[in-house]
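S.K.: Below is the sequence, then the predicted model.
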Amino acid sequence: MHPKDRAHTAPEAVVLAAALLATAARHRLASRSMALHSLTACMALGVPTGPVPPVPDHPGPDVLITRALRELGELDFEDFAKPAVVEAARHARRALIAVR
Amino acid sequence: MATSLGQLLDDLVDVAQRSGRTPSAQADAATGLGHVGRALEHLRQDGLASESGHRRERDVAALATGCIELARHAPVGEGRMAELSAAAADSLAVLHAHSTVSSRWAVAVGLADAAHSLAAVLVGPEGEASQWVHQTLRWSLVVQQDAALEPPAVSDAALLDRPLPSPANALVGTSVAEVPDAVAVILQATGATAPLPTVAEVLAYCVSAETITSLAQRLDKSPTRGSGHLAAPAWRAVQDVLRPYDDGSRRPHPDAPPSVLAAGAVHRALTSAPPEQLLARPAAQEAVAAAAQHMPTLAVQLLYRTVRSWADHGSLVAFARDLPPREERVAAYLRGYQPGGMVRANAADLQPVVGALHNARLLSLSVAVRVDDTHPPGFPHRAFAANQEMLTRPAAAGALDAASREAARQVLLGRARQTGPTRSR
């Protein structure tokens, strides 16, 4: 994808991904493993997300994590290759296949 | 001790991240990368996307080339990383028959993670191999970026937890430590590449599954009672519905095949003590909880491979009297339990077996997801997550209810049945 086609700039996408991961971590339907990996991914990004408002049941945590991963995956390669982003993406993938 | 591809890759990443950048570690990592490249190349050839030339396949091919070239240009050494990589690459051959396009993608992503950790060990002064180190690091990140856009699903990642038996071990059933290996042998024996199991062998596998599920339901610590207690009767029902069928294997054999010995070892190891005493030991709890995660897979393999092949090949015979009555079998039916009354069982005749295995699969899923959720290292958590995901599908609740009712009916029938002499064959 061309950078101009993206909805968000790199910092915006990372902030959005962090917010989504933080929300997934506090989701009522997130299991302990899923919450732990989501939280680790959020912390790896190093973006303060602030307090998370009450989370509705829909969409589920897996939808939020998938969207966060998509935000990270759509970054330019140079932005994705930063160790913090790679680490966050790994944890988000683990969260997605974690025990419910 | 049985292992799995996921366990090998987790260990490989762990060892690579802990190792220093000494010359011997670098030679070890480079050799390991050669094996990882070989594995990635095989996965690409088998297919990683439904259309050929997909971005995933191009990126994995580039990573495989980088790994192989790096191994060619770096010093050669043999250590823990090389051993783990070689074992992981070789295990793909065993898993080939059970893999799908999407599960191969899940494996490729795991290998890309491992390639990144191994290549990081080789980062150092500029040399002949340094350009390949940077290429490998770059392409492993590209594959990880692809994985962020198209993350592997829970059910696909379960392939990483499929147990692989350790070679040439004698299973005698004296210890619960043998259970993981024995389960791996049974799963392999019912897989697509193994010779078609006989009725006698399937009965042995069902006995071991019954033993495992009856113990696994005791590990359910949740306050609400699920349908897991019906999994063992469901496996017993499979043995009951197989009663009329024969393929010549129901006779004394001079030697039992290794898979039957494995089924016997599971049963002996898990019935060597009363359940309360046995499950008081953490090792036994872990073995039972892990084995229970693979019982749905065993049911699926028996259902879609064994019973389907029996139906397709017409391998089983039965007395027409024991099968649902049909017009074209009147003559055979009237001959009764004489040799002339025997007919070849087709797909319609095997419907009760299909139904019983379907119920056993659903109830095994139910018992597998209710084991205590404190998972020790080595627990097949990806298989556990896949089992959970299977039960959250829309049609699962209704199907599970129906399976529970049928298993409960079987239990009641079993209680009401009079014990006494049966018809001799």
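M.R.: Sure, I can see it.
S.K.: Compute the first-to-last residue distance for stretch A:66-85.
M.R.: 15 Å (CA to CA, to the nearest Å).
S.K.: What residues does the residue in the stretch 201-350 of chain B positioned nearest to chain A make contact with?
M.R.: Proximity of the stretch 201-350 of chain B to chain A (CB to the nearest CB) peaks at B:Gln293, 10.8 Å away. The C-beta positions use only the backbone N, C-alpha and C, and glycine is treated the same way. Taking CB atoms under 8 Å, 6 or more residues apart in numbering or on different chains, we find B:Gln293 in contact with B:161, B:368, B:380, B:383-384, B:387.
S.K.: Please provide the alpha-carbon coordinates for the host helix or strand of B:Ala82, formatted as CSV.
M.R.: Using DSSP states H and E, B:Ala82 sits in helix B:80-95. Taking Å, rounded to 0.1, in the frame of the first residue of the first chain, the C-alpha atoms of helix B:80-95 are listed here in CSV:
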residue,chain,number,x,y,z
ARG,B,80,21.7,-27.1,20.1
MET,B,81,20.3,-24.6,17.6
ALA,B,82,21.3,-26.7,14.6
GLU,B,83,19.8,-29.8,16.2
LEU,B,84,16.5,-28.1,17.0
SER,B,85,16.3,-26.5,13.6
ALA,B,86,17.0,-29.9,11.9
ALA,B,87,14.3,-31.6,14.0
ALA,B,88,11.8,-28.9,13.2
ALA,B,89,12.5,-29.1,9.5
ASP,B,90,12.3,-32.9,9.5
SER,B,91,9.0,-32.9,11.5
LEU,B,92,7.4,-31.0,8.6
ALA,B,93,7.6,-34.3,6.6
VAL,B,94,5.6,-36.0,9.3
LEU,B,95,3.1,-33.2,9.5
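S.K.: quick one, helices of the stretch 301-425 of chain B?
M.R.: All helices of the stretch 301-425 of chain B, identified by DSSP state H, counting those that start in this stretch, fall at B:308-313, B:330-335, B:351-368, B:381-391, B:396-416.
S.K.: Out of the ones you listed, which gets nearest to chain A?
M.R.: helix B:381-391 (4.6 Å).
S.K.: Now do the closest one: everything it contacts.
M.R.: Here helix B:381-391 has contacts from A:33, A:97-100, B:6, B:153-155, B:157-158, B:160-162, B:293-294, B:296-297, B:365-366, B:368-369, B:371, B:375, B:396-397, B:400, using CB under 8 Å, 6+ apart.
S.K.: all helices for chain A, in order.
M.R.: With helices called from DSSP state H, chain A shows them at A:10-25, A:32-45, A:61-73, A:77-80, A:83-96.
S.K.: Identify the farthest-apart pair in the contacts of B:Gln293.
M.R.: B:Asp161 and B:Ala368 (12.0 Å; CB to CB).
S.K.: which of the two has more neighbours?
M.R.: B:Ala368 (30 against 22; other CB atoms under 10 Å in any protein chain shown).
S.K.: Residues of chain B that sit close to chain A?
M.R.: B:109, B:113, B:116, B:138, B:141-142, B:144-149, B:151-154, B:157, B:373, B:375, B:381-382, B:384-385, B:388-389, B:392 (CB under 8 Å from any CB of the partner chain).
S.K.: Buried ones only from these, please, as a ChimeraX command.
M.R.: With 16 or more other CB atoms under 10 Å in any protein chain shown as the criterion, this ChimeraX line picks the buried residues out of the residues of chain B next to chain A:
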select /B:109,113,116,138,141,142,144,145,146,147,148,151,152,153,154,157,373,375,381,382,384,385,388,389
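S.K.: Point me to the residue of the stretch 151-300 of chain B nearest chain A.
M.R.: Closest point on the stretch 151-300 of chain B to chain A, by CB to the nearest CB, is B:Ala157, at 4.5 Å.
S.K.: what's the helix or strand for that residue?
M.R.: With DSSP H and E as criterion, B:Ala157 is part of helix B:154-157.
S.K.: Can you list the neighbours in contact with that helix?
M.R.: A:96-97, B:6, B:100, B:102-103, B:105-106, B:382, B:385-386, B:388-390.
S.K.: Give me the buried entries from those.
M.R.: In the contacts of helix B:154-157, the ones that pass as buried (16+ other CB under 10 Å) are A:96-97, B:6, B:102-103, B:105-106, B:382, B:385-386, B:388-390.
S.K.: any chance of those in JSON lines, plus distance to B:Pro244 and pLDDT?
M.R.: Formatted as JSON lines, the buried ones among the contacts of helix B:154-157 follow (distance: CB to CB, whole Å; pLDDT from 0 to 100):
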{"residue": "A:Leu96", "distance to B:Pro244": "46", "pLDDT": "91"}
{"residue": "A:Ile97", "distance to B:Pro244": "43", "pLDDT": "87"}
{"residue": "B:Gly6", "distance to B:Pro244": "41", "pLDDT": "92"}
{"residue": "B:Ser102", "distance to B:Pro244": "39", "pLDDT": "93"}
{"residue": "B:Ser103", "distance to B:Pro244": "37", "pLDDT": "94"}
{"residue": "B:Trp105", "distance to B:Pro244": "43", "pLDDT": "95"}
{"residue": "B:Ala106", "distance to B:Pro244": "41", "pLDDT": "95"}
{"residue": "B:Arg382", "distance to B:Pro244": "39", "pLDDT": "90"}
{"residue": "B:Ala385", "distance to B:Pro244": "39", "pLDDT": "90"}
{"residue": "B:Ala386", "distance to B:Pro244": "34", "pLDDT": "91"}
{"residue": "B:Gln388", "distance to B:Pro244": "36", "pLDDT": "89"}
{"residue": "B:Glu389", "distance to B:Pro244": "36", "pLDDT": "88"}
{"residue": "B:Met390", "distance to B:Pro244": "31", "pLDDT": "88"}
